[in-house]
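Chemist: sharing a model that was predicted from the sequence below.
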Amino acid sequence: MNSGPWGAPPPRRRPSGLGVTLWFAGLAGIVLLLWLLARNFPEQDSPLGDAYLWRTVAVLAVVSSGLLYIRDVNLKTTTRNILLWLGVAGVLMIGFTFQDELRRVGMRLRSDLIPGTAVETGDHEMTISESDGGSYFVYGAVNGAPVRFLIDTGAGEIVLSPADAKRAGIDLNGLTFDRPYESANGIGHGARSALSSLTVGPLSFSDVDVAVNGAAMSSSLLGMTFLKRLKSFQFGDRKLVLRW
């Protein structure tokens, strides 16, 4: 029969018995690893019910399907490749199983590297790392606008700098700065205002009374009116732990 100008079509490749065995053995190893993780760490969320994880396993199965066509085997190379794939799968499985713990470790590292990042370290608990100068700063938001606060136990109120108040949408021209208070720089004046929302880490409050300072400040303050909303706060080991 004439096969046409391009010649005879190439023979169709068929999976080899050895290739099928190796491929199924690899998939079985991954499933076995998942089962062992679920059995030995029952306190963790089982990875067996994670749809995203099973999609990842499916991708690994497709990528490794080249094993189906292996006919001549270099035992050393084949063993190395199988162990490599099992290692990659193992890292993925462990990552899914301990994702909450790994996320907390990452947040703690971020808090130490970037002081001011509030880290949720327990049920209704967050921790703030001490800055280089010995003070405790924390990033929050007022009316949705980002603000860097200094936590100051010597301040009676939550005090916004004029710049932060303006960024939060407060009209400074509509305020009356008639509230005198003592500061390290002498007598200052502030104005009463209110926030629709105040967020610090996982904490969020609404309808919060604040004072807006009449003079520029290096940062806004979280004083005792904020700390009294909490269950407790504790300083120690260059950490500030807030509980609510």
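Modeler: Done, it's in. Here the structure is a predicted model, which is why all the values come from computation and not from measurement.
Chemist: what segments of this structure are helices?
Modeler: Taking DSSP state H as the criterion, the chain contains helices spanning 17-40, 51-63, 75-97, 99-113, 162-167, 224-227.
Chemist: which stretch in those helices has the least confidence?
Modeler: Least confident of these, judged by mean pLDDT, is helix 99-113 with a mean of 60.
Chemist: what's the domain layout of the chain?
Modeler: Annotated domains of the chain cover 17-97, 115-243 [automatic domain parsing].
Chemist: could you identify the longest strand within this protein?
Modeler: Identified as the longest strand of the chain according to DSSP state E is strand 186-200.
Chemist: picking up where we left off before, point out the most buried one among the domains of the chain.
Modeler: Of all these, domain 115-243 has the most neighbours on average by mean count of other CB atoms under 10 Å, namely a mean of 16. Backbone N, C-alpha and C define where each C-beta goes, glycine included.
Chemist: tell me what Thr199 is bridged to.
Modeler: Ala141, Ser204 (DSSP bridges).
Chemist: list the contacts of it.
Modeler: Thr199 sits next to Gly140, Ala141, Val142, Phe205 when contact means CB atoms under 8 Å, 6 or more residues apart in numbering.
Chemist: just checking, the second one touches Ser197?
Modeler: Yep, that's Ala141 we're talking about. Yes. Counting by CB atoms under 8 Å, Ala141 does reach Ser197; the two are 7.4 Å apart.
Chemist: intersection of neighbour lists for these two?
Modeler: With CB under 8 Å, 6+ apart, Ala141 and Ser197 have no common neighbours.
Chemist: so who does Glu125 touch?
Modeler: Glu125 makes contact with Val241, Leu242, Arg243, Trp244, according to CB under 8 Å, 6+ apart.
Chemist: pLDDT score for it?
Modeler: At Glu125, pLDDT is 90.
Chemist: so what's it bridging to?
Modeler: Gly122, Arg243.
Chemist: torsion angles phi and psi at Gly169?
Modeler: Per-residue torsions, Gly169: phi 90, psi 10 (degrees, to the nearest 10).
Chemist: contact partners for it?
Modeler: Contact partners of Gly169, counting by CB under 8 Å, 6+ apart, are Asn143, Ala145.
Chemist: from Pro162, how far off is the residue lying closest to Ala163 once chain neighbours are set aside?
Modeler: Of all residues not flanking Ala163 in the chain, Ala216 sits nearest, at 7.0 Å (CB to CB, 6 or more residues apart in numbering). Plainly put, Ala216 is 6 Å away from Pro162 if you go by CB to CB, to the nearest Å.
Chemist: and if you look at Gly140?
Modeler: Counting by CB to CB - Gly140 and Pro162 are separated by 17 Å.
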